[in-house]
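**Student:** Sequence and predicted model, in that order:
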Amino acid sequence: MTAQVTVLYFAKSAELSGLKEEELVAVPTPISSQDLWSLLLQRHPRLCVLQHQVVLAVRQQYVAIGDELVALGDGDEVAVVPPLSGG
Amino acid sequence: MTAQVTVLYFAKSAELSGLKEEELVAVPTPISSQDLWSLLLQRHPRLCVLQHQVVLAVRQQYVAIGDELVALGDGDEVAVVPPLSGG
Amino acid sequence: MVEPRRDVLKLCHDWLSVQEVVDAVSSASCGATSLFIGTTREDVLNGRKVIGLEYEAYEPMAQSEFRKLCDVIRERWPSVTHVCVHHRLGWVKVGEASVVMAISSPHRHDGQQAMQQAVEQLKARLPVWKKEVYDSQEASWKENAECPWASNHKQ
Amino acid sequence: MVEPRRDVLKLCHDWLSVQEVVDAVSSASCGATSLFIGTTREDVLNGRKVIGLEYEAYEPMAQSEFRKLCDVIRERWPSVTHVCVHHRLGWVKVGEASVVMAISSPHRHDGQQAMQQAVEQLKARLPVWKKEVYDSQEASWKENAECPWASNHKQ
């Protein structure tokens, strides 16, 4: 199974990828958050400077990068979330 | 020795004494704060409803009612201080 | 260079401006401002409705107790930069602020802790009194539980 | 009758009005309002002067994380009445407030404690980022020590 998802890049990840947003047409699902991150790293190798200091958000829920399996559906939003600095 | 002092009454003590302020012309000094309070009670017996829930301020310093000796000088300010309720 | 500290207590008969108190503690070196606003609540006591409060103060002693209070706060939290309190006197309608306090500090933890202590100390030591006034024309003097000689004193 | 609770997060590009945030949490049943204001400090880093901050947010998720945050606060301090946060986005000059938070509660202890926790949680969980901009034209992304995946995370 694959899904078409929208990936959002924020803060430093947007600078590193050069993108605010992109569509990925055939992301395997279910997929571990680690594999999802690796897939983004392949597309944008400069994101590796965020390694170990980043989480993802899937459908607006934080997902730590690791073995956890994520089920993706068409139209889902995946966000790259560098360390927060609100306030 | 005696001193002439100004006594200030605040809040409930002003209502009970019917006064905001009065001059006492011949207060013995040194005097215990207990005796000073008794002297005020003699002048204004209704102040006794404040008994055990009042302190004095002598020259703008709190003085608990008790054995502590207070030295008074002419022109000193003595205040009757019911429980505080600022804020 | 250490910025000079400001400790300001204003006793006033007019409506309190929160912004004015915030401005009074602002400092280029302070990332955090903590505030506390105390307001008379709508309340019904034994069928009588509170319509407002009547405040009075021993004004010069309030100023000297406030300076002592600030000294105690700064001793415990040396990073506290400025402290400002505006406190109403006279008639205060239900729903209006009676007191606005602000503390600025470089970082927030110190300021927030100092604020809790400052409110506590203000209620325990500042020679200020309020009478609750009811729609029945009656009134009663309040007592802060923080005041050591109040009948309802809590340690 | 229990008053309906209000939880409001506003993300805005304009100057923040403290009074507006205070008004947003006002309630006839609340005697206490606690506030926190976060401001960019004047700062010099390696000879470069900070001139301002550039903020961005994942806006819909910021709203949903804010609702979760309020739920957590209310679970621990059920007396918390209203919560309001105004947070800047875009360019914020040094000296201007980036965030104003207010919590109202019948009594002050709950509100003050809840505020400390709310600021902590906001910095740890709200998907908002800031870039410090220097007079040298350089900039660097900040990281909150409260954020669990920040390199400088403190437990």
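**Tutor:** Perfect, I can see it now.
**Student:** Going along the chain, name the strands of the chain.
**Tutor:** Unless you meant another one, I'm taking chain A. A:2-9, A:21-28, A:31-32, A:55-58, A:61-63, A:69-70, A:77-81 (DSSP state E).
**Student:** that's the wrong chain, I wanted chain C
**Tutor:** Using DSSP E, strands in chain C cover C:7-12, C:32-39, C:44-45, C:48-57, C:83-88, C:90-93, C:97-105, C:128-134, C:139-141.
**Student:** closest one to residue A:13 among those?
**Tutor:** Closest approach to residue A:13 among these (C-beta to C-beta): strand C:32-39, 28.5 Å. Quick note: C-beta positions are derived from backbone N, CA and C, even for glycine.
**Student:** on that earlier part again, want to throw the strands of chain A into CSV with mean pLDDT?
**Tutor:** Below are the strands of chain A laid out as CSV (pLDDT from 0 to 100):
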stretch, mean pLDDT
strand A:2-9, 98
strand A:21-28, 97
strand A:31-32, 98
strand A:55-58, 98
strand A:61-63, 98
strand A:69-70, 97
strand A:77-81, 98
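**Student:** now, of those strands, which is deepest in the fold?
**Tutor:** Here the criterion is mean neighbour count by mean count of other C-beta atoms under 10 Å in any protein chain shown, and of these the winner is strand A:77-81, at a mean of 22.
**Student:** neighbours around the residue in chain C positioned nearest to chain A, how many?
**Tutor:** Going by C-beta to the nearest C-beta, chain A is nearest to residue C:108 of chain C, at 9.0 Å. When neighbours are defined as other C-beta atoms under 10 Å in any protein chain shown, residue C:108 has 22 of them.
**Student:** do the same with residue C:38
**Tutor:** Residue C:38: 21 surrounding residues under other C-beta under 10 Å.
**Student:** what's it in contact with, if anything?
**Tutor:** Residue C:38 is in contact with B:87, C:97, C:98, C:99, C:100, C:119, D:31, D:32, D:108, counting by C-beta atoms under 8 Å, 6 or more residues apart in numbering or on different chains.
**Student:** For chain A, what lies in contact range of chain D?
**Tutor:** Within chain A, the residues that sit near chain D (C-beta under 8 Å from any C-beta of the partner chain) are A:8, A:10-12, A:53-55, A:57, A:60, A:62, A:64, A:79, A:81-87.
**Student:** wait, isn't residue C:84 in contact with residue C:19?
**Tutor:** No - using C-beta atoms under 8 Å, residue C:84 is not in contact with residue C:19, being 11.7 Å away.
**Student:** who's more crowded, these two?
**Tutor:** Comparing residue C:84 with residue C:19 by other C-beta under 10 Å, the one with more neighbours is residue C:84, at 23 against 12.
**Student:** Quickly list what the more buried one is bridged to.
**Tutor:** Under DSSP bridges, the beta-bridge partners of residue C:84 are residue C:8, residue C:102.
**Student:** Output the set of residues of chain A in proximity to chain B.
**Tutor:** So chain A never meets chain B (C-beta under 8 Å from any C-beta).
**Student:** Return the set of residues that bridge with residue C:48.
**Tutor:** residue C:45.
**Student:** Point me to the residue of chain A nearest chain C.
**Tutor:** At 9.0 Å from chain C, residue A:87 is the closest residue in chain A, using C-beta to the nearest C-beta.
**Student:** State which helix of chain A is the longest.
**Tutor:** Among the segments of chain A that qualify as a helix by DSSP state H, the longest is helix A:33-43.
**Student:** My read is that residue A:1 contacts residue A:29, right?
**Tutor:** Yes - with contact defined as C-beta under 8 Å, residue A:1 reaches residue A:29; the gap is 5.1 Å.
**Student:** So which of the two has more stuff around it?
**Tutor:** Remark: of residue A:1 and residue A:29, residue A:29 carries more neighbours, 17 against 11, as counted by other C-beta under 10 Å.
**Student:** Nearest spatial neighbour of that one, chain-adjacent residues omitted?
**Tutor:** Among residues not flanking residue A:29 along the chain, residue A:72 sits closest, at 4.1 Å (C-beta to C-beta, 6 or more residues apart in numbering or on different chains).
**Student:** Check that neighbour and give its pLDDT.
**Tutor:** Model confidence at residue A:72, given as pLDDT, is 98.
**Student:** Let me know how buried it is, in neighbour terms.
**Tutor:** 21.
**Student:** do the same with residue C:126
**Tutor:** By other C-beta under 10 Å, 27 other residues sit near residue C:126.
**Student:** got it, and residue C:86?
**Tutor:** By other C-beta under 10 Å, 23 other residues sit near residue C:86.
**Student:** In stretch C:121-137, which of the residues would be classed as buried?
**Tutor:** Buried residues in stretch C:121-137, counted by 16 or more other C-beta atoms under 10 Å in any protein chain shown: C:121-134.
**Student:** is chain B contacted by that stretch?
**Tutor:** Yes - part of stretch C:121-137 sits near chain B under the criterion C-beta under 8 Å from any C-beta, namely C:122, C:123, C:124, C:125, C:126, C:127, C:128, C:129, C:130, C:131.
**Student:** could you dump these to TSV with distance to chain A and pLDDT?
**Tutor:** Formatted as TSV, the residues of stretch C:121-137 next to chain B follow (distance: C-beta to the nearest C-beta, whole Å; pLDDT from 0 to 100):
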residue	distance to chain A	pLDDT
C:122	28	98
C:123	30	98
C:124	32	98
C:125	33	98
C:126	32	98
C:127	38	98
C:128	35	98
C:129	39	98
C:130	36	98
C:131	41	97
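**Student:** need those in a markdown table with distance to residue D:63, can you?
**Tutor:** Putting the residues of stretch C:121-137 next to chain B into a markdown table (distance: C-beta to C-beta, whole Å) gives the following:
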| residue | distance to residue D:63 |
| --- | --- |
| C:122 | 37 |
| C:123 | 37 |
| C:124 | 41 |
| C:125 | 43 |
| C:126 | 41 |
| C:127 | 47 |
| C:128 | 42 |
| C:129 | 45 |
| C:130 | 41 |
| C:131 | 45 |
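**Student:** Let me see the contact set for the residue of chain A closest to chain C.
**Tutor:** By C-beta under 8 Å, 6+ apart, the contact set of residue A:87 is D:38, D:87, D:98, D:99, D:119, D:122, D:123, D:126, D:128, D:144.
**Student:** now, among these, which is nearest to residue B:48?
**Tutor:** Nearest to residue B:48 among those: residue D:119, at 49.6 Å, using C-beta to C-beta.
**Student:** if I read this right, that closest one contacts residue C:107, doesn't it?
**Tutor:** No - using C-beta under 8 Å, residue D:119 makes no contact with residue C:107, being 11.2 Å away.
**Student:** any idea how far residue A:52 is from residue D:88?
**Tutor:** Noted for residue A:52: a distance of 29 Å to residue D:88, by C-beta to C-beta, to the nearest Å.
**Student:** of the two, who's got more company?
**Tutor:** Each of residue A:52 and residue D:88 has its neighbours counted (other C-beta under 10 Å); residue D:88 has more, 26 against 8.
**Student:** who touches the residue in chain C that chain B sits nearest to in this structure?
**Tutor:** Chain C approaches chain B most closely through residue C:128 (2.9 Å), counting by C-beta to the nearest C-beta. Residues near residue C:128 by C-beta under 8 Å, 6+ apart: B:84, B:85, B:86, B:87, C:11, C:55, C:56, C:57, C:58, C:62, C:87.
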